[in-house]
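*Asks:* For reference, the sequence and a predicted model appear below.
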Amino acid sequence: MHKKIILTGFMGSGKTTVGQIIAKELKVPFIDVDEEIEKWYDLKTTEIFKHYGEQEFRRTELDQVKRICSNKEIQVVSLGGGAFLQEEIRNTCMENGTVFYLSVSWDVWKQRLDSLVPSRPLLQGKTEKEIHRIFTDRQKIYNTFHFKIEADNGAEQTAKEILQEV
């Protein structure tokens with residue numbers, strides 16, 4: 001394995017939990033890009049959106065992904081759910097890692113909704129119909145990947161499938 005293992009997918013698809021399992025199993029560092037951004041600002045994501053706006057968050061997200069990918073160390077990297085909105089992030093990840101798209105069905109994801117809303121700025125104040133539209137629209141941005149993993153069966157199973165590929 002010469003590249004990073006990069007996890008992408010919709011918010012709440014399990015990227016962080018799966019990434020931590022994989023990193024522990026492979027004995028390599030785990031990096032959550034959203035956590036890196038929060039450290040940079042010393043604020044939670046919801047506060048960054050509130051005080052600086054989504055555009056500033058996305059600029060910082062790009063900077064962090066480039067920084068992480070420029071390090072040639074083998075790492076497991078969890079991207080934020082909206083990171084792949086940026087073509088430059090998609091290209092950087094595809095060139096510097098093996099990208100796994102964690103695909104989760106609407107029905108399974110919807111069961112996680114109540115626990116996700118407080119920490120996800122794009123979900124706050126939205127109806128279920130509006131959230132479903134975001135979910136559906138975002139699926140189009142995840143069409144660039146090396147491997148697609150169905151993530152409906154939980155983090156342990158998803159991590160096992162990714163480990164089989166690497």
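*Replies:* Great, that's in hand. Numbers count the residues shown, from 1 in each chain.

*Asks:* Could you use CA atoms for every contact and neighbour count after this?
*Replies:* Noted.

*Asks:* quick one, phi psi at Asp63?
*Replies:* phi -60, psi -40 (degrees, to the nearest 10).

*Asks:* For burial, what's the neighbour tally of it?
*Replies:* Asp63 has 14 neighbours, counted by other CA atoms under 10 Å.

*Asks:* just Gln64 next, same as before
*Replies:* Counted with other CA under 10 Å, Gln64 comes out at 18.

*Asks:* swap in the one 3 residues further on?
*Replies:* By other CA under 10 Å, the residues close to Arg67 number 10.

*Asks:* For Glu165, see how far away it is.
*Replies:* Distance of Arg67 to Glu165, given as CA to CA, to the nearest Å: 26 Å.

*Asks:* Sheet partners, orientation included, of the longest strand along the chain?
*Replies:* Scanning the chain for the strand with the most residues, using DSSP state E, yields strand 97-103. Applying DSSP bridges to the sheet, strand 97-103 is found paired with strand 4-8 (parallel), strand 147-150 (parallel).

*Asks:* Just name the most buried of those strands.
*Replies:* Counting by mean count of other CA atoms under 10 Å, strand 4-8 has the highest mean neighbour count of the strands paired with strand 97-103, with a mean of 26.

*Asks:* Just the CA atoms of it, as CSV, please.
*Replies:* Output of strand 4-8 as CSV, limited to C-alpha atoms (Å, rounded to 0.1, in the frame of the first residue of the first chain):
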residue,chain,number,x,y,z
LYS,A,4,-3.7,7.1,1.5
ILE,A,5,-7.0,5.4,2.1
ILE,A,6,-9.5,8.2,1.6
LEU,A,7,-13.2,7.8,2.6
THR,A,8,-15.9,9.9,1.0
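
*Asks:* Other residues contacting it?
*Replies:* 15, 19, 69, 73-81, 84, 93, 96-102, 142 (CA atoms under 8 Å, 6 or more residues apart in numbering).

*Asks:* any idea how far the helix or strand that it is followed by is from the chain center?
*Replies:* Moving toward the C-terminus from strand 4-8, the next helix or strand (DSSP states H and E) is helix 15-26. Remark: helix 15-26 is offset 13 Å from the chain centroid, using CA atoms, centre = their mean, to the nearest Å.

*Asks:* immediately after the least confident helix or strand in the chain by mean pLDDT, which helix or strand?
*Replies:* The least trusted helix or strand in the chain, going by mean pLDDT, DSSP states H and E, turns out to be helix 113-116, with a mean of 64. Remark: after helix 113-116, the chain's next helix or strand is helix 128-139, criterion DSSP H and E.
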